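> I would like to see how this sequence folds:
(2 chains)
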Amino acid sequence: MKSNTIVNSTQQYSGNNTMPKYYNYKLEKVIAILAMVVTGSGIVLGCLSLSLNSLDFYSKPLLIIIGISLLALFAYVHYGRTKEWKLLVFSLMAIISAYVLNMLPNYLYGFHINAIIHRSFISAILLLAVSIPSFCYSMYYCLGAVPRAQDLSRYPLILLPIVLMLIAYGILVFRLFALGIPNINWHMLTTPYEWQTWQTIVWQNGWPTWVPQQLHQSGISNFILGTLLLMLMTIIISLPIGIGVGIYITEYSSGFLANVIKTSCTVLRSISVFILGLTAITIVRYSQNTFMSRIFAGYFYDASGNIHQANGSFFTAALIVSLLVIPIIARATEEGIRSSPREMAEGSYALGASKWHTIANVLIPWSLPNVTTGLLLGCAEATGSLATIWFISGTGQYGIGPFNQVTSLSYFIFYARGDIDMNFHKVEGIYQYSAAVIMILITVILSLAVVVLKKRLNKRLKGM
Amino acid sequence: MNIKVKEFESKSKDMRDIAENTEKCRLETIELKVGYGAKNILHGINIAIPAGKVTAIIGPSGCGKTTFLRTLNRLNEITGGCKVNGQILLDGEDILKMDPMLLRRKVGMVFQKPNPFPKSIRENILYGVKALKLKVDHDEVVRVSLEKAVLWGELKNRLHDSALALSLGQQQRLCIARTLAISPEVILFDEPASSLDPVSTTSLEASIIGMKGDYTQVIVTHNMNQAIKVSDYTVFLYNGLVMEAGETTKIFNSPEREETRQYVSGKIY
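Numbering: from 1, shown residues only, chains lettered A, B, ... in the order given. Sure thing, here's the model as predicted:
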């Protein structure tokens, strides 16, 4: 009698009154498990054959097996339970994909695409496209085709892309750390990079002679300090302006001007950053040979004490990077002010406070947690900005200051092995991945600080 | 009940007669018309609010009670799109031509949902004082305001705790205290007890009764029992017009108009 009650309970959910009397649920479950196993291995093979060409050999038989098992499941379910046409569609897709793969040659080229693609790429895509939905459907029937099973069986659809992406990221980060961490040592972190050669006069036997002197040091401390200084100056410039713009958008202007400013914030973020880099180099070029060259183009003293003009200062770089960061902070402030409860602002006005007093004492404290998030995004933007400061940056070996040559860890990672300066490669090439590790570390520390700060601000300023 | 504006004869001169004869009237509205955009909400209100007494404004939902109250405070200008015609005289001075900040110092407001700022209790009470840059002793002001709102005993050791940690009833009385801190002449209550439980409502009503004589209070309420208990004068608004106005006992026991009788009796039972 136990099997009878099971039959009755699931019969309620099937929504179909024309089921045969002795429908064998166990057999359905077995076929569904078989289909799940087969499609699961299809997913695994699909992911693996994205990177390994040799697995392409197994994809055709696997596709045919997937097709057959799905067809079996479809037939059984169609006979007994309900018309699940999608199973038929996927099984046909699998068989047709096997046929198509059979027809394709090993290497695909042509169509004016100057690249050669191995067939395993196509087979991987077809395998994944067929296997993932079929996995979900067979899981549904494996769990008994109840409504709760529908929810459960769709989880792989959501989780699989996330997990695959995480695995890919994990492999990348692991490789980065494996290559970068062995080279990190205290000496490298605290010594600035120097490569200078100059001549001094030495008296020998009563006659002056020129003797070359050199200062060759390998280390990345000036790049680290350069990144931090760039971050700091960007925040100093863009924080007041960003908060001001955010307040203006929400509180002081309604209508046309606010919409113009909001649209320009969005547009500014989508400008290619190379154009901003061109803006930077234009500012530098036009300010050279004028009185403003110290501010915008930067200066430095070499070892002999002569002053030289650099090709870009931290001030210019911070100005250009803040063009990208101001919209972030303005948007964050705007969201913070808009999310504040209306009664609170009304309560402040009802006590006789002016608009400015309300904004400064009630609305800005409320939106500070949002502004902190905007700050983090702005710092990340400044840390990772290579294209904006590409043309104006250098090695920063003559010192780091607001009006010295701008440099950054991102510049270093490119130039460590990317450009044609052979001396630089020889001295600094091994630190390329270590610099990337340090950049990640800076971002992680900043994120943790922001999380802690946001929690405390939420507690203090919002009471939650 | 369909009443056209032209057929109606305002009865509020009863209240003005009473007010002029027996005591000074603090607030007076003369042909007040308020509208948002194309829609008119108040069609000519003539009301006199007597000084030192509690006036209740009752009426069904949507009749313009809250709009009227917020016009007295000029708080409806914050949202924008509001047109106000007519005059509102506070001790003879037209408040529609006054500086809004000075007006809101004299006419305070307590809202339906308690809205303390996310600061400490002391900072909440001193907010208005600091906003208006009043030269008063801060500790004294805090103590006096909390005593008037019947909170000093509970909160005198917790002045630096966050105001959001209080219960709703305490928060509402804190809002009253911070309105009292700037020494207004008129206090407006917009359904102050509608989000409170009965015990807090009782203490709130006790505070209101305790402030009679020192402050002029106008309270909008849906609760007929509260109106009877607390107020001296009542105004019945309907569809943006004053149906009837006068002493509370007269309005609730022997109303003149049929609409007032229907509304009042419908709520008592």
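
> need the contact list for residue 149.
You didn't pick a chain, so chain A it is. Residues counted as contacts of A:A149 (Cβ atoms under 8 Å, 6 or more residues apart in numbering or on different chains) are A:139-140, A:143. Where C-beta positions appear, they are placed from N, C-alpha and C, glycine not excepted.

> Correction: the question concerned chain B.
B:173-174, B:176-177, B:180, B:207.

> How about it, nearest residue that isn't a chain neighbour?
B:A177 (3.9 Å; Cβ to Cβ, 6 or more residues apart in numbering or on different chains).

> pLDDT value on B:I3, please?
With respect to pLDDT, B:I3 scores 43.

> Could you do A:L386 as well?
pLDDT, read off for A:L386, is 90.

> Which pLDDT value belongs to the residue nearest to A:M231 when sequence neighbours are not counted?
Distances taken as Cβ to Cβ, 6+ apart put A:A382 closest to A:M231, at 4.5 Å, once the chain neighbours are dropped. At A:A382, the model reports a pLDDT of 90.

> Distance-wise, check A:A382 relative to B:S145.
Per Cβ to Cβ, to the nearest Å, A:A382 is found 48 Å from B:S145.

> who has more neighbours, these two?
Taking other Cβ atoms under 10 Å in any protein chain shown, A:A382 and B:S145 do not tie; A:A382 has more neighbours (28 against 24).

> Give me the packing partners of the strand or helix carrying that one, helices and strands only.
Counting by DSSP states H and E, the element that carries A:A382 is helix A:364-383. Judged by 3 or more Cβ pairs under 8 Å, 6 or more residues apart in numbering or on different chains; DSSP states H and E, helix A:364-383 is in contact with helix A:221-247, helix A:314-338, helix A:432-457.

> Dump those helices into a markdown table; add mean neighbour count as well.
Formatted as a markdown table, the helices and strands packed on helix A:364-383 follow (neighbours: other Cβ atoms under 10 Å in any protein chain shown):
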| stretch | mean neighbour count |
| --- | --- |
| helix A:221-247 | 21 |
| helix A:314-338 | 23 |
| helix A:432-457 | 16 |
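
> Any stretches of the stretch 101-250 of chain B with poor pLDDT?
In the predicted model of the stretch 101-250 of chain B, no residue satisfies pLDDT under 70.

> Show me the helices in it, by range?
B:121-125, B:127-131, B:138-148, B:152-155, B:168-180, B:198-210, B:224-230, B:248-253 (DSSP state H, counting those that start in this stretch).

> Distance from the second one to the middle of the chain?
Translated: helix B:127-131. 21 Å (Cα atoms, centre = their mean, to the nearest Å).

> who in chain A is up against chain B?
Proximity of chain A to chain B (Cβ under 8 Å from any Cβ of the partner chain) is limited to residues A:254, A:341, A:343-354, A:357, A:361-362, A:365-366, A:460-464.

> how about the residues of the stretch 51-200 of chain B that lie near chain A?
Applying Cβ under 8 Å from any Cβ, we find that the stretch 51-200 of chain B lies next to chain A at B:73, B:75, B:78, B:80, B:101-102, B:104-105, B:108-109, B:111, B:113, B:115-118, B:127-128, B:131-132, B:162-165, B:175, B:178-179, B:182.

> let's see 7 Å
Residues of the stretch 51-200 of chain B lying near chain A by Cβ under 7 Å from any Cβ of the partner chain: B:73, B:75, B:78, B:101, B:104-105, B:108-109, B:111, B:113, B:115, B:117-118, B:127-128, B:131-132, B:162, B:164, B:178-179, B:182.

> what's the closest non-adjacent residue to A:N102?
A:K60 (6.2 Å).

> Next: B:K229.
B:E205 is the one closest to B:K229 (Cβ to Cβ, 6+ apart), at 6.0 Å.

> What count of nearby residues applies to the one you found?
19.

> now do B:K133
Around B:K133 there are 7 residues (other Cβ under 10 Å).

> Next, find the distance separating it from B:M98.
18 Å.

> now B:K119
B:K119 sits at a distance of 29 Å from B:M98 (criterion: Cβ to Cβ).

> more neighbours, those two?
B:K119 (21 against 16).

> how about the more buried one, what does it touch?
B:A163 (Cβ atoms under 7 Å, 6 or more residues apart in numbering or on different chains).

> Around the residue lying closest to B:A206 once chain neighbours are set aside, count how many other residues there are.
Leaving aside its chain neighbours, B:A206 sits nearest to B:V150 (6.8 Å; criterion: Cβ to Cβ, 6+ apart). Counted by other Cβ under 10 Å, the residues lying close to B:V150 total 16.

> just checking, B:V150 touches B:L204?
No: if you go by Cβ atoms under 7 Å, B:V150 and B:L204 don't touch, sitting 9.1 Å apart.

> Pull the contacting residues for the closest residue to A:L55 other than its chain neighbours.
Spatial nearest neighbour of A:L55, chain neighbours left out: A:S49 (4.0 Å); criterion: Cβ to Cβ, 6+ apart. Neighbour list for A:S49: A:55-56, A:59, A:120, A:123-124 [criterion: Cβ under 7 Å, 6+ apart].

> switch to 8 Å and redo it
Per Cβ under 8 Å, 6+ apart, neighbours of A:S49: A:55-56, A:59, A:120, A:123-124, A:127.

> how about the strands in the chain?
No chain was given, so I picked chain A. A:107-110, A:113-118, A:194-204, A:207-217, A:299-301, A:307-309 (DSSP state E).

> That was the other one, I meant chain B.
B:25-36, B:39-50, B:54-58, B:82-90, B:93-94, B:107-110, B:186-190, B:216-220, B:233-238, B:241-247.

> Give me the neighbour count for residue 253.
Looking at chain A here, since you left the chain open. 13.

> My question was about chain B, not that one.
By other Cβ under 10 Å, 10 other residues sit near B:N253.

> If I look at B:R257, what pLDDT would I see?
83.

> A:H425 too?
pLDDT, read off for A:H425, is 82.

> Could you do A:H308 as well?
For A:H308, the predicted pLDDT is 88.

> again with B:T66
If you check B:T66, the pLDDT there is 89.

> which residues sit in contact with it?
Residues near B:T66 by Cβ under 8 Å, 6+ apart: B:190, B:220.

> how close does it sit to chain A?
To chain A, B:T66 is 12 Å away according to Cβ to the nearest Cβ, to the nearest Å.

> Identify the farthest-apart pair in the contacts of B:A149.
Comparing every pair within the contacts of B:A149 by Cβ to Cβ identifies B:L174 and B:S207 as the most remote, at 11.3 Å.

> These two - which one has more neighbours?
Between B:L174 and B:S207, counted using other Cβ under 10 Å, B:L174 has the larger neighbour count: 24 against 19.

> Over to the residue of the stretch 151-300 of chain A found nearest chain B: give its phi and psi.
The minimum distance from the stretch 151-300 of chain A to chain B, using Cβ to the nearest Cβ, falls at A:S254 (7.4 Å). Here is the backbone geometry of A:S254 (degrees, to the nearest 10): phi -130, psi 140.

> ok, and the closest non-adjacent residue to it?
Leaving aside its chain neighbours, A:S254 sits nearest to B:G80 (7.4 Å; criterion: Cβ to Cβ, 6+ apart).

> neighbours around the one you found, how many?
If you count neighbours by other Cβ under 10 Å, B:G80 ends up with 8.

> And A:G463, by the same measure?
What A:G463 shows, counting by other Cβ under 10 Å, is a neighbour count of 14.

> again, but for A:T250
21.

> Please tell me how far it sits from A:R154.
A:T250 is 40 Å from A:R154, by Cβ to Cβ.

> of all of the stretch 151-269 of chain B, which residue lies closest to chain A?
For the stretch 151-269 of chain B, Cβ to the nearest Cβ, closest residue to chain A: B:L164, 3.6 Å.

> mind listing what that residue touches?
Applying Cβ under 8 Å, 6+ apart, the residues contacting B:L164 are A:463-464, B:116, B:118, B:171.

> thinking again about what came up before, count the residues that sit near the residue nearest to A:N102.
Neighbours of A:K60 (other Cβ under 10 Å): 18.
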